[in-house]
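Enquirer: any chance you can model this:
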Amino acid sequence: MGDTSRGSEGEVRRGDRGERVTEWADSRLGVYGAVRARARRAFPDHWSFLLGEICLYSFVVIVVTGVYLTLYFHPSMNQVEYHGSYVPLQGRMVSEAFDSTMHISFDVRGGLLIRQAHHWAALVFVAALLTHMMRVFFTGAFRKPRELNWVLGFLLLVLAMFGGLTGYDLPDDLLSGTGLAVVNGTILSVPIVGTYLSMFLFGGEFPGNDLVARFNTIHVLLIPALMVGLLAAHLILALRHRHTQYPGPGRTERNVVGLPLKVYAVKSAGYFFLVTGCILVMAAVAQINPVWLYGPYRADQVSAGSQPDWYMGVADGLLRVMPGWEVAFRGHTLALDNLMPLLVGVGLFLALGLYPFLEAWVTDDDRDHHILDRPRNRPVRTALGVAWISFYLVALIGAANDIIATHFEVSVESVTWAVRIGLFVVPGTAFAITKRVALGLQREDRDQVLHGRETGIIKRLPDGEFIEVHAPLGPERLHVLTQHEQYRPIGPGPSDGAGGPRSGRGVARRLRARLSRDFYGGDAQIAKPTEAEYKEITGGH
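Expert: Next comes the predicted model:
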């Protein structure tokens, strides 16, 4: 009994010390109160929200594998003789960067697996990030108060692309060197400052001697630090504004229907291991970037069939299909064949990043939005998104014009011209088709609300006519089909307090009114049934 009492007293003392430490930390950091307040929040349970988690978890894999690779990689372009395990390259002069990459791939235990996992995780991260942004775009999750979160996500996408580019060039192999030659040509095409930028980046004439060291600093230190900061800010704002949710019964702008934090945390932890496992399986069974097949970079050689990673394919595709135009002016040559693709690519992504502010200006809507849109209810926005994706995909096809030509036994000129035409025709066609499909789905929703759903049961009337029996919709389905708000086009006149333009005169005011009609005019949306129409058709039921 005496021993038990002493043991109990010791446990109490240890408990008291733990409480005192917790109180000390909470009084200075306020962590407990903040966590307790957040722990009472609900998290919507929808599969599309997992896209953001894939981004976060693949980024964790990138960081962990990147730390491991950093321990063995030597970011130097000094020439050494290769004496590694790969026999075909023994005795060749290679850079220390290439030599260390080969050492990781063939001599470090698990090195090839980690290196390929790092590369695959980067591809998955950018793919999940872009897909997540498309989900946010099509559902209108970027609206107030989440415009800044959209900007943070857009900056993350841009940083991820440049992070992948700098990492892709670190091994100093022939494939990455070929890509760097393209990058150098694009930089040189920038008027006035292009030459200075190239000299600064490469430490002299291309390829220089400092590129790998500089890219390593950018890839390992600068870009990850910025991305961690953006991710932290993104998550903080997401908690601050609470989660968006899809429309449904009981879901309003003031509540969130979903899972409690404890259940969500357990599912999220399991999902982390699932994402990590999938990336490692991909790294184990799917070879990627086999630098030993390309060999070390030499300025007098070019790797045949060279394509960048998919997220940079749009830039490479635009470069490949651009005609070799040049403009000479007062002794200076403007290389449009490199400059124009650069401007188009930058404009393409800037349009994506600035779209939320354009829509806010057109709608003149300053309210907070926490309920997501169904894409069909915003036909113009959905059509613009599909057109953007189609332009991206056509340019991506252009990046593989030589591979397509050899595999399908057609001329590379034919593929190039098909892509050139497609860049102008496909986005417009995709826009028109998507808009018509969205309007058709709106008409179907309207018919379902007024007449009910089709049952497949055919009934013969006394006069001999055959009709299909329709069943009335339940309240839950009716809510989903009718809860959305439809904007009215704003006029070009001054604000009258009912949705008119608050500022702007002349051209800007007329442009705003024109865009508003294009977005929400009579040919851009189908009027949803009014309460009077519903009661008239259904007999008041």
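Enquirer: could you list the low-confidence segments of this structure?
Expert: For the chain, applying pLDDT under 70 flags the ranges 1-18, 22, 25-40, 304, 493-505, 539-541.
Enquirer: all strands for it, in order.
Expert: Assigned by DSSP state E, the chain shows strands spanning 42-43, 79-81, 93-95, 259-260, 326-329, 332-335, 453-460, 466-471.
Enquirer: adding distance to Arg488 and mean neighbour count, write the ones you listed out as JSON lines.
Expert: From N, CA and C alone the C-beta is placed, and that goes for glycine too. Shown next, in JSON lines, are the strands of the chain (distance: least, Cβ to Cβ, whole Å; neighbours: other Cβ atoms under 10 Å):
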{"stretch": "strand 42-43", "distance to Arg488": "34", "mean neighbour count": "18"}
{"stretch": "strand 79-81", "distance to Arg488": "69", "mean neighbour count": "13"}
{"stretch": "strand 93-95", "distance to Arg488": "64", "mean neighbour count": "19"}
{"stretch": "strand 259-260", "distance to Arg488": "37", "mean neighbour count": "14"}
{"stretch": "strand 326-329", "distance to Arg488": "47", "mean neighbour count": "10"}
{"stretch": "strand 332-335", "distance to Arg488": "47", "mean neighbour count": "13"}
{"stretch": "strand 453-460", "distance to Arg488": "29", "mean neighbour count": "10"}
{"stretch": "strand 466-471", "distance to Arg488": "31", "mean neighbour count": "11"}
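Enquirer: out of these, which comes closest to Gln245?
Expert: For Gln245, the closest of those is strand 42-43, at 9.1 Å, according to Cβ to Cβ.
Enquirer: given the closest one, what are its sheet partners and their directions?
Expert: Using DSSP bridges, the strands paired with strand 42-43 are strand 259-260 (antiparallel).
Enquirer: before we move on, back to that, of all the strands of the chain, which one comes closest to Gly305?
Expert: Counting by Cβ to Cβ, Gly305 lies closest to strand 93-95 out of the strands of the chain; the figure is 21.7 Å.
Enquirer: list the contacts of the closest one.
Expert: Strand 93-95 has contacts (Cβ atoms under 8 Å, 6 or more residues apart in numbering) with 76-82, 102, 172, 212, 296-297.
Enquirer: cool, and stretch 345-360?
Expert: Residues outside stretch 345-360 that contact it (Cβ under 8 Å, 6+ apart): 133, 137, 142-144, 147, 150-151, 154, 157-158, 314-315, 318, 366, 381, 384, 388, 391-392, 515, 519.
Enquirer: of these, grab the buried ones for ChimeraX.
Expert: This is the ChimeraX syntax for the buried subset of the contacts of stretch 345-360, where burial follows 16 or more other Cβ atoms under 10 Å:
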select :133,137,142,143,150,151,154,157,314,315,318,381,384,388,391,392,515,519
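Enquirer: from the contacts of stretch 345-360, which land in helices?
Expert: 133, 137, 147, 150-151, 154, 157-158, 314-315, 318, 381, 384, 388, 391-392, 515, 519 (DSSP state H).
Enquirer: quick test: name the residue nearest the centre of this protein.
Expert: Of all residues in the chain, the one closest to the mean position by Cα atoms, centre = their mean is Leu130, 1.6 Å from it.
Enquirer: returning to what we had before: who wins for most neighbours among the contacts of strand 93-95?
Expert: Counting neighbours by other Cβ atoms under 10 Å, Val212 leads the contacts of strand 93-95 with 28 neighbours.
Enquirer: so what's that one up against?
Expert: By Cβ under 8 Å, 6+ apart, the contact list for Val212 reads 75-77, 95, 97, 169-170, 172.
Enquirer: can you check Arg443 too?
Expert: Contacts for Arg443 were tallied using Cβ under 8 Å, 6+ apart; they are Ile526.
Enquirer: filter the contacts of strand 93-95 down to the ones in helices?
Expert: Judged by DSSP H, the contacts of strand 93-95 include 102, 212 as members of helices.
Enquirer: got the contacts of strand 93-95 as TSV, with distance to Ile187 columns?
Expert: Listed next are the contacts of strand 93-95 as TSV, based on distance: Cβ to Cβ, whole Å:
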residue	distance to Ile187
Ser76	23
Met77	19
Asn78	24
Gln79	25
Val80	29
Glu81	32
Tyr82	30
Met102	29
Asp172	19
Val212	17
Pro296	23
Tyr297	18
